[in-house]
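Colleague: Quick one, what's the 3D model for this:
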Amino acid sequence: MSERDGVTGNVDCHVKVLDDSVVERAKRAGLDAIVYAPHFTRLPEIREQAEAYSSDDLLVVPAREVFTGTWHDRKHVLALGLEEPVPDFIPLEAAMAEFERQDATVLAPHPEFLTVSLTEHDVERYADVIDAVEIFNPKHLPSHNRRAREIADRVELPPFTSSYAHLPRTVGVCHTVFDTDIETEADLLAALEDGVGRRVVYENGFRRWSTTATELAHLVYENTWKKGDRLFLSGIEPTHPRHIAYDGRFDDEAVY
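Modeller: Sure, this is the predicted structure:
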C-alpha cells in the first residue's frame, strides 16, 4: 500500500472504467483502492474483472450501480458487498429491499443530479439503508456539490466522493481518505458501514474543470446516441430483470 504518515486509506469510491491505464493512474494518484461499477454489466463479470486487476498495490472492489426505475426517471444506487446479482430497471423500492435483504453496503451517488439520482426525500426515506452520500462529483457544477453536501448534513449520513470516471483520464481527480487502512474489500465495507472518520479530497484547478467538461460531454453522448442504441438496437441487456440469468426472480418487478 502507499506509504503515508498515519494509518489511512485512499479510495476512489466509484469508477466506470478499468484497464491497465486506469490502474496506473490510480497508483500514481496514491490510491489504495478503487470501486469498479460499470454500466449494464452483471456482477459475476464485474467480480472477475476486479480480481484480475487487483494487486498488492491497488485493490479493485466490485460493485453495482443499479439503474432503478425507467430511463426517464431513473435513480442510481451504488451497492457494494452484494452476494447475489440485482438487475437494473426495477422500482427503487424493490432494489432497496433487495439490498437490505443481502445486507449490502449502499451508497447514494450524485444526489439530485439531473434525472438520474436519488432525491433528498429518497435519501431521507432510506436513511437506515444508505451508508454514505456523495458530496463531490467531477460531473457536478459547484451548486450540485453544495446541494449534495446539504443533503448529507441534513440527513446526518457520512460523506464520500468519487471520480465517477467514465473516462480513464478522470481517475485520481478526487478521492475519499478514510482514517483506517484499506487492504481488503471487507475493510472498505466496514469503513463505510461503521461511519469511520474520513475526508473528501479533490483538485480544484484546470484539471478539475477540464475533467468536468469532458465528463459532461460524455454524459450527453451516453444519454443520446448510446441511449438510443441501448433501448432500440442492442436487444435485452445483461442486467435487464427479465434476462435468463435472473431465473425469473424479478420478472414481476420489471418496469420494461
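Colleague: ranges for the strands of the stretch 1-150 of the chain?
Modeller: Defined through DSSP state E, counting those that start in this stretch, the strands belonging to the stretch 1-150 of the chain, from first to last, are 9-15, 33-36, 59-68, 75-80, 105-108, 130-136.
Colleague: Which one, of the ones you listed, ends up nearest to residue 153?
Modeller: With CB to CB, the closest approach to residue 153 among the strands of the stretch 1-150 of the chain belongs to strand 130-136: 8.7 Å. (Each C-beta comes from the backbone N, C-alpha and C, glycine too.)
Colleague: neighbouring strands for the closest one, and are they parallel or not?
Modeller: For strand 130-136, the paired strands and their directions (DSSP bridges) read strand 105-108 (parallel), strand 159-161 (parallel).
Colleague: one step back: quick check: which of the strands of the stretch 1-150 of the chain is nearest to residue 180?
Modeller: The minimum distance between residue 180 and those falls on strand 9-15, with 6.0 Å, by CB to CB.
Colleague: re the thing from before, can you lay out the strands of the stretch 1-150 of the chain as JSON lines showing mean pLDDT and distance to residue 162?
Modeller: Formatted as JSON lines, the entries for the strands of the stretch 1-150 of the chain read as follows, by pLDDT from 0 to 100; distance: least, CB to CB, whole Å:
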{"stretch": "strand 9-15", "mean pLDDT": "98", "distance to residue 162": "3"}
{"stretch": "strand 33-36", "mean pLDDT": "98", "distance to residue 162": "7"}
{"stretch": "strand 59-68", "mean pLDDT": "98", "distance to residue 162": "10"}
{"stretch": "strand 75-80", "mean pLDDT": "98", "distance to residue 162": "9"}
{"stretch": "strand 105-108", "mean pLDDT": "98", "distance to residue 162": "9"}
{"stretch": "strand 130-136", "mean pLDDT": "98", "distance to residue 162": "6"}
